[in-house]
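# for reference, the sequence and a predicted model appear below.
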Amino acid sequence: MSKIANSILAEHASQHDFAIEAKNLNKSFGKKHVLSDLSFTIGTSSITGLLGRNGAGKTTLMKICAGHIAKGPNGTLKVLGANPFNNLTVLSKLIYSCHDLSYSGGLKLKTILSDYDALFPTFERTFAEGLLSYFDLDTDARYVGLSQGDKSTFNFVCALAARTPLTMLDEPTLGMDITVRKAAYEILMREYSHYPRTFIIASHLISEVENVLDDVLILDAGKIVLHDSIENMRQSAYQVQGDKADIEIFIADKKVIHKDFAETLSTVVIYEPATEAAAQEAQSAHLRLSAVRPEDLYVYLTHERKGGDLECLW
């Protein structure tokens with residue numbers, strides 16, 4: 001099986017520059033626009049974080065890319081070189097896994113493993129059984145009787161063991177306790193180092209996935225607000241703190257995405273790289289300049305603060 005997996009992964013890498021190519025991609029359900037004019041590419045042999053708040057459009061985008069639902073009438077989409085919808089050739093080379101997969105009847109885990117074995121020529125059953133044993137999951141157990149955390153673990157293991165050129169994980173660690181989540185991402189990185197391929201991990205918790213990502217694609221209300229490498233994201237913004245009057249002068253010609261003015265200490269976040277000139281200007285104005293964590297930047301880019309909405313509650 002390992003030889004088959006390596007052969008398919010190598011063949012895909014040689015044939016395609018991108019695992020996914022989308023241009024002006026749209027999707028609506030009735031009058032509700034879920035995705036609006038998305039244009040992006042995701043390369044082969046990379047780990048991309050698909051980030052956004054609940055309802056941002058992450059799951060819809062992944063299901064379209066997985067061929068589970070059709071895209072809207074406008075725009076184009078290529079997954080592994082072709083439109084994935086009703087395309088068995090493409091669908092045999094990708095897997096979409098989420099925390100709430102359902103299986104008919106009271107199937108045992110070993111029966112579901114057999115189904116994966118039949119569906120995916122690259123599925124490594126021995127590897128899957130080894131991981132399930134590591135996570136103390138009995139293959140004689142019935143899926144329907146598992147806790148949410150154990151269901152997520154089982155689905156995660158099966159997705160890794162499929163070893164398809166494109167693996168999409170939708171909120172893969174939902175319900176897992178912290179030790180299992182940590183182990184899951186360590187296993188993913190080890191698997192990726194041995195069998196490089198394209199992973200897309202959808203999450204609304206960037207702090208959980210940040211250290212495994214190459215790139216980030218952030219959605220907000222069905223639109224892309226950021227698509228860049230994780231390293232560029234770390235350097236794309238900075239914050240300054242100090243006296244309000246000094247800060248207002250400092251930010252006059254800068255792109256501000258967050259303000260928190262207070263009597264004692266005010267803070268603003270500037271969506272620009274922190275240059276040496278900016279650092280010297282801040283120092284001259286008696287302001288403290290510091291980096292912005294990716295998880296904080298993610299919040300500022302996707303959260304529209306509703307000033308005064310909370311004060312009326314107390």
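Arrived safely, thanks for sending.
# show me where the protein has strands.
Listed in chain order, the strands of the chain (DSSP state E) span 18-29, 32-43, 47-51, 76-79, 94-98, 166-170, 198-203, 215-220, 223-229, 238-242, 256-260, 266-270, 288-291.
# which stretch among these comes nearest residue 154?
strand 94-98 (9.8 Å; C-beta to C-beta). For glycine as for every other residue, the C-beta is placed from the backbone atoms N, C-alpha and C.
# which residues does that closest one contact?
Residues from elsewhere that reach strand 94-98 (C-beta atoms under 8 Å, 6 or more residues apart in numbering): 59, 62-63, 65-68, 79-80, 84, 120, 155-156, 158-159, 162, 164-172.
# separation between the residue lying closest to residue 158 once chain neighbours are set aside and residue 174?
Sequence neighbours aside, residue 116 is the residue nearest to residue 158 in space, at 5.4 Å (criterion: C-beta to C-beta, 6 or more residues apart in numbering). Distance, residue 116 to residue 174, using C-beta to C-beta, to the nearest Å: 20 Å.
# kindly report the same for residue 249.
To residue 174, residue 249 is 46 Å away according to C-beta to C-beta.
# let me see the contact set for residue 71.
Shown in contact with residue 71 (C-beta under 8 Å, 6+ apart): 25, 26, 27, 64, 77, 83, 85.
# so where is the stretch 51-200 of the chain shaky, pLDDT-wise?
Filtered on pLDDT under 70, the stretch 51-200 of the chain yields no residues whatsoever.
# so for residue 125, which of the strands of the chain sits nearest?
Taking C-beta to C-beta, strand 94-98 is the member of these nearest to residue 125, at 14.7 Å.
# which strands border that closest one, and is each parallel or antiparallel?
Within its sheet, and counting by DSSP bridges, strand 94-98 is paired with strand 166-170 (parallel).
# ok, residue 249 and residue 174, which is more surrounded?
Shown here are residue 249 and residue 174; by other C-beta atoms under 10 Å, residue 174 has more neighbours (17 against 11).
# does that one touch residue 150 like I think?
No - the pair residue 174 / residue 150 is not scored as a contact, 11.5 Å apart, by C-beta atoms under 8 Å.
# for this protein, what spans make up the helices?
All helices of the chain, identified by DSSP state H, fall at 2-15, 58-65, 88-91, 109-119, 125-134, 148-162, 178-194, 206-209, 230-234, 244-250, 276-284, 294-302.
# could I get those as JSON lines with distance to residue 218?
Compiled in JSON lines, the helices of the chain are given as follows (distance: least, C-beta to C-beta, whole Å):
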{"stretch": "helix 2-15", "distance to residue 218": "26"}
{"stretch": "helix 58-65", "distance to residue 218": "10"}
{"stretch": "helix 88-91", "distance to residue 218": "26"}
{"stretch": "helix 109-119", "distance to residue 218": "31"}
{"stretch": "helix 125-134", "distance to residue 218": "30"}
{"stretch": "helix 148-162", "distance to residue 218": "23"}
{"stretch": "helix 178-194", "distance to residue 218": "19"}
{"stretch": "helix 206-209", "distance to residue 218": "9"}
{"stretch": "helix 230-234", "distance to residue 218": "9"}
{"stretch": "helix 244-250", "distance to residue 218": "26"}
{"stretch": "helix 276-284", "distance to residue 218": "24"}
{"stretch": "helix 294-302", "distance to residue 218": "6"}
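# which of the ones you listed sits closest to residue 200?
helix 58-65 (6.9 Å).
# which other helices and strands contact that closest one?
strand 18-29, strand 32-43, strand 47-51, strand 76-79, strand 94-98, strand 166-170, strand 198-203 (3 or more C-beta pairs under 8 Å, 6 or more residues apart in numbering; DSSP states H and E).
# tabulate these in JSON lines, adding columns for mean neighbour count and distance to residue 181.
Formatted as JSON lines, the helices and strands packed on helix 58-65 follow (neighbours: other C-beta atoms under 10 Å; distance: least, C-beta to C-beta, whole Å):
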{"stretch": "strand 18-29", "mean neighbour count": "19", "distance to residue 181": "25"}
{"stretch": "strand 32-43", "mean neighbour count": "17", "distance to residue 181": "24"}
{"stretch": "strand 47-51", "mean neighbour count": "25", "distance to residue 181": "15"}
{"stretch": "strand 76-79", "mean neighbour count": "20", "distance to residue 181": "28"}
{"stretch": "strand 94-98", "mean neighbour count": "23", "distance to residue 181": "15"}
{"stretch": "strand 166-170", "mean neighbour count": "25", "distance to residue 181": "12"}
{"stretch": "strand 198-203", "mean neighbour count": "24", "distance to residue 181": "11"}
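# and of those, who's closest to residue 302?
Using C-beta to C-beta as the criterion, the shortest distance between residue 302 and these is 8.1 Å, found for strand 47-51.
# okay, the angle between the closest one and strand 215-220?
Strand 47-51 and strand 215-220 are oriented at 10 degrees to each other (axes from the mean of the first three to the mean of the last three C-alpha atoms, to 10 degrees).
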